[in-house]
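Trainee: sharing a sequence plus its predicted fold:
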Amino acid sequence: MSSTLDTSIIISLLSLVIILLIITPRYGLIARLRYFRRERKKELTEDALKYIFNCEYEKTACVPAGISAFLGISEAEYNELTGRLINSHLVSLIDGTIRLTPEGRSYALRIIRIHRLWEKYLADETSFPEEEWHKRAHRKEHSLTLEEANRLAEQMGNPGYDPHGDPIPTANGELPFQDGQPLSRLAPGDVARVLHIEDEPAAFYAQCTAQGLFPGVQVMVSETDASKIRLVVNGEETSLAPALAANIRVRILSDEERITGKIMTLADLKPGEEGRVVMLSGACHGQQRRRLMDLGIVPGSVIRAEMESFSGDPTAYLVRGALIALRKHQARQIFVQPVKTETYA
């Protein structure tokens, strides 16, 4: 009898615990499901506004099928989303095209500002690899407040562009003008500087960076045809399909702006040879970039290769009177022009 009573008490207590876990106002299962549902709606709203803004920025029509495909949602979810956006006065539907209202544009620019500021923060202040910047910034844009983003911007000196070359909207909701033209429009012989590389899809961005293409890099078009565009990037030849080149924005350089002469990496210098720094690779970012610049490795500095270690890696370099050791993978991220000097016998 006592055993049966104990079992009943235990079952009752367990039932009570389960009920509490389900209905507790803040942490119960129902509350959590409601929270995730609200967050899902919020993310869809903000992602849709960004997509519509990008369509308007690129001067392309924004149609329902495009939004559904971009967000990966069903027709029913799209209809619910559109109704919510219209009822919130964030978008209007005119002749089958979706357009942002002034309120919707302001909201979209706020999300874009947070996203691009966070990418800049990840690039300059952390060691996360480039392929993670966009994904992490996409998560952060839905949780970081505009006030927190503005404080972050002040800490970083209010940057104007993210690490991919996209302009960062100002705190007042203004988007700086984006100069340049698609790389695909350049003719053979044109020399230009890369301003922006589209970071989506990720595979495209990875292909560009693997070929040495980063914002700030000088490129020269050597040949074009229907299937490829041949380029010289940091002294190396490479090629891109025209469709990919269309997603890279560049600015044609005047004769005075061009970097002329041979360009090589610091790792190519032999002991006794000197090189004048042209630029640091876009792949060198964050703490590593700041360390090199603190050591005096900035454009215009002359560096002398002094001696190699017994294994050949690292190599000692003389920079502004100080001897420093750099690994080959670090030296390959520093582009220099050779300075005529006598090599060791």
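Mentor: Great, that's in hand. Numbers count the residues shown, from 1 in each chain.
Trainee: in the host helix or strand of residue 152, what's buried?
Mentor: When elements are assigned from DSSP states H and E, residue 152 belongs to helix 146-155. Neighbour-count burial for helix 146-155 flags 149, 150, 152, 153 (criterion: 16 or more other Cβ atoms under 10 Å). Backbone N, C-alpha and C define where each C-beta goes, glycine included.
Trainee: isn't the second one up against residue 171?
Mentor: Which is residue 150. Yes. In terms of Cβ atoms under 8 Å, residue 150 counts as a neighbour of residue 171; the distance is 5.3 Å.
Trainee: stretch 276-286: which residues count as buried?
Mentor: 277, 278, 279, 280, 281, 282, 283, 284, 285, 286.
Trainee: and the fifth one, what does it touch?
Mentor: Spelled out, it's residue 281. 212, 214, 332, 333, 334, 335 (Cβ atoms under 8 Å, 6 or more residues apart in numbering).
Trainee: the buried residues of helix 146-155: which two are farthest apart?
Mentor: Greatest spacing in the buried residues of helix 146-155, by Cβ to Cβ: 150 and 152 (7.2 Å).
Trainee: list the contacts of stretch 291-306.
Mentor: For stretch 291-306, contacts defined as Cβ under 8 Å, 6+ apart pick out 266, 269-280, 284, 315-320, 322-324, 330, 334, 336, 339, 341.
Trainee: if we go to 10 Å?
Mentor: With Cβ atoms under 10 Å, 6 or more residues apart in numbering as the test, stretch 291-306 has contacts from 259, 266-280, 284, 289, 315-326, 330-331, 333-336, 339, 341, 343-344.
Trainee: among the residues you listed, which ones are in helices?
Mentor: 289, 330, 331 (DSSP state H).
Trainee: just put those in CSV and tack on distance to residue 224, pLDDT and neighbour count.
Mentor: Below are the ones in helices among the contacts of stretch 291-306 laid out as CSV (distance: Cβ to Cβ, whole Å; pLDDT from 0 to 100; neighbours: other Cβ atoms under 10 Å):
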residue, distance to residue 224, pLDDT, neighbour count
289, 33, 83, 18
330, 35, 89, 19
331, 33, 90, 21
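Trainee: which residue, other than its chain neighbours, is closest to residue 128?
Mentor: Excluding its sequence neighbours, the residue lying closest to residue 128 (Cβ to Cβ, 6 or more residues apart in numbering) is residue 122, at 5.2 Å.
Trainee: for that neighbour, grab phi and psi.
Mentor: Dihedral pair for residue 122: phi -60, psi -40, per degrees, to the nearest 10.
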